[in-house]
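**Q** Here is the input, now give the coordinates:
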Amino acid sequence: MITLTIAGVAAAARTTAARRASLPLAVAAAIAAPWVLDAYTISLGSYAIVLGLVAVSALLLTDVAGLPTLGQGAYLAIGGYTAATLSRTVTSNGPLQLLAATAAAATAAAAVGVFATRTRGTTFLLTTVAVGVLTQAVASRATSITGGDAGRSVDPITIWPATAPVTRHGYLYLYALACALAVGGALALLLRSRFGLTLRGIAAAEARVQANGVATGRYVLLVYVIAAAVAGAAGAVLIAVRHTIGPSDGGFIVSALALLAALVTTRTMTGAMLGAAVIVAVRDLVAPALLAGHANILLGALFLAAAAGRSIARRARLAADPSTGGFP
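**A** Predicted coordinates:
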């Protein structure tokens, strides 16, 4: 048993080292994309970054804190409409819109989370669905603020005051990528802190963490707010790269795709971004070429393949080291 445990620890260490080594390569490839891909593909890449940020938001709750969610699209909508309103009334500066969208989504989550984070498991999941549905309904009816089902269109962003608007797809993609890297870097530091370790403890055994005198409710509320802030940032990036937002941009389908992206690969932030890229590529590039009008079939097959792959991998880990329970 001891030999198996040591072997499992060594395998986990090798996996972590491989992931860290591959990250710079992934970032370099992402930065180089505008110079090798056409404008349409780059525009899809920009949206993949938006979906990836929402996926990271879902990952924080679902995997790190153990709270499955299908409502992160609601906070994307809140952030997006905040950025759109700011663009139409105050400033076209993209970074300022990003900060405002993040703050608005976090504030809304703090109000909702006081009640939502009192629940767990399936009840929490259904609560997030309800939040998403209500947010989409409000966005459809508050026409004076959101433009209703027609949505809101805005002018292109500027990066610095008194500079020209950013209109080229490549530059917008790089702006979105820079935002994602900034958010990811901040979250990586947070998850390596005591806060992140406590969250993982809560996900594994909340009662034990409470027995050690930790107020778990505060931690859960805080991670809910942080996850919403990340989704709100995604809303601002969406406004920057598409110059428009509608109720469907934060609907249930977006939340479901974000959750799929978060769980379809390695359950890391890099994996969530990669999962989002795969989903967008399957839906908007592969499906139109192979199964026009049936993108959901391919996405469903992708989900089943990912679930089967994870099940096989878990059984292999369990056979190699029973003490891990089959988890990495």
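
**Q** all contacts plus neighbour counts: C-alpha atoms, from now on.
**A** Noted.

**Q** quick one: the helices in the chain?
**A** 2-32, 39-59, 72-89, 94-116, 121-141, 143-146, 169-191, 194-211, 216-242, 252-263, 269-281, 287-290, 295-320 (DSSP state H).

**Q** on contacts alone, who are the packing partners of the second one?
**A** Secondary-structure packing of helix 39-59 (3 or more Cα pairs under 8 Å, 6 or more residues apart in numbering; DSSP states H and E): helix 72-89, helix 169-191, helix 216-242, helix 252-263, helix 269-281.

**Q** before we move on, the earlier item: mean neighbour count, distance to W160 and mean pLDDT added to the helices of the chain, as CSV?
**A** Putting those into CSV (neighbours: other Cα atoms under 10 Å; distance: least, Cα to Cα, whole Å; pLDDT from 0 to 100) gives the following:
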stretch, mean neighbour count, distance to W160, mean pLDDT
helix 2-32, 13, 21, 60
helix 39-59, 26, 20, 95
helix 72-89, 28, 14, 95
helix 94-116, 21, 8, 96
helix 121-141, 18, 30, 94
helix 143-146, 15, 26, 89
helix 169-191, 17, 12, 95
helix 194-211, 16, 34, 90
helix 216-242, 26, 14, 96
helix 252-263, 24, 31, 90
helix 269-281, 23, 27, 91
helix 287-290, 14, 38, 72
helix 295-320, 15, 39, 68
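
**Q** Using TSV, lay out the helices and strands packed on helix 39-59 together with distance to A305.
**A** Shown next, in TSV, are the helices and strands packed on helix 39-59 (distance: least, Cα to Cα, whole Å):
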stretch	distance to A305
helix 72-89	24
helix 169-191	27
helix 216-242	27
helix 252-263	12
helix 269-281	13
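
**Q** Go through the ones you listed and name the closest to G113.
**A** When these are compared by Cα to Cα, helix 216-242 sits nearest G113, at 5.9 Å.

**Q** now the closest one and helix 39-59, what's the angle there?
**A** Helix 216-242 runs at 170 degrees relative to helix 39-59, counting by axes from the mean of the first three to the mean of the last three Cα atoms, to 10 degrees.

**Q** just how off-centre is helix 216-242 within its chain?
**A** Relative to the chain's own centre, helix 216-242 is displaced by 9 Å; criterion: Cα atoms, centre = their mean, to the nearest Å.

**Q** So which elements touch it?
**A** Using 3+ Cα pairs under 8 Å, 6+ apart: helix 216-242 touches helix 39-59, helix 72-89, helix 94-116, helix 169-191, helix 194-211, strand 244-245.

**Q** And the contacts of stretch 129-143?
**A** 69-74, 77, 146-149, 246-248, 250-252 (Cα atoms under 8 Å, 6 or more residues apart in numbering).

**Q** repeat that with 7 Å
**A** If you take Cα atoms under 7 Å, 6 or more residues apart in numbering as the criterion, stretch 129-143 is touched by L70, G71, G73, A74, T146, G148, D149, P247, G250, G251, F252.

**Q** what about the last one, distance to V64?
**A** Distance of F252 to V64, computed by Cα to Cα, to the nearest Å: 22 Å.

**Q** Also the fifth one?
**A** When distance is defined by Cα to Cα, T146 is 33 Å away from V64.

**Q** Same question for the second one.
**A** Relative to V64, G71 is positioned 16 Å away (criterion: Cα to Cα).

**Q** Looking at these two, which has the bigger crowd around it?
**A** Set G71 next to V64 and count neighbours by other Cα atoms under 10 Å: G71 wins out with 30 against 23.

**Q** was I right about that one contacting I253?
**A** No - checked against Cα atoms under 7 Å, the pair G71 and I253 is beyond contact range at 9.7 Å.

**Q** For P161, find the nearest of the helices and strands packed on helix 216-242.
**A** Closest among the helices and strands packed on helix 216-242, using Cα to Cα: helix 94-116, at 9.9 Å.

**Q** so what does the closest one touch, helix or strand wise?
**A** With contacts taken as 3 or more Cα pairs under 7 Å, 6 or more residues apart in numbering; DSSP states H and E, helix 94-116 sits against helix 72-89, helix 216-242.

**Q** rewinding a little: using CSV, lay out the contacts of stretch 129-143 together with distance to Y40.
**A** Listed next are those as CSV, based on distance: Cα to Cα, whole Å:
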residue, distance to Y40
L70, 29
G71, 29
G73, 24
A74, 27
T146, 27
G148, 27
D149, 25
P247, 23
G250, 22
G251, 24
F252, 25
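
**Q** Closest one to F115 out of these, please.
**A** Nearest member of the contacts of stretch 129-143 to F115, counting by Cα to Cα, is G71, at 14.5 Å.

**Q** Kindly list the main-chain dihedrals of W160?
**A** phi -140, psi 150 (degrees, to the nearest 10).

**Q** Quick one: closest of the helices of the chain to S153.
**A** From these, taking Cα to Cα, the stretch that ends up closest is helix 72-89, at 7.4 Å.

**Q** which residues sit against that closest one?
**A** 54, 58, 97-98, 100-102, 104-105, 131-132, 135, 146, 152, 154, 228, 231-236, 238-239, 245, 249-252, 254-255.

**Q** and with 6 Å instead?
**A** The contact list for helix 72-89, computed with Cα atoms under 6 Å, 6 or more residues apart in numbering, reads 97, 101, 105, 132, 135, 228, 231-232, 234-236, 250-251, 254-255.
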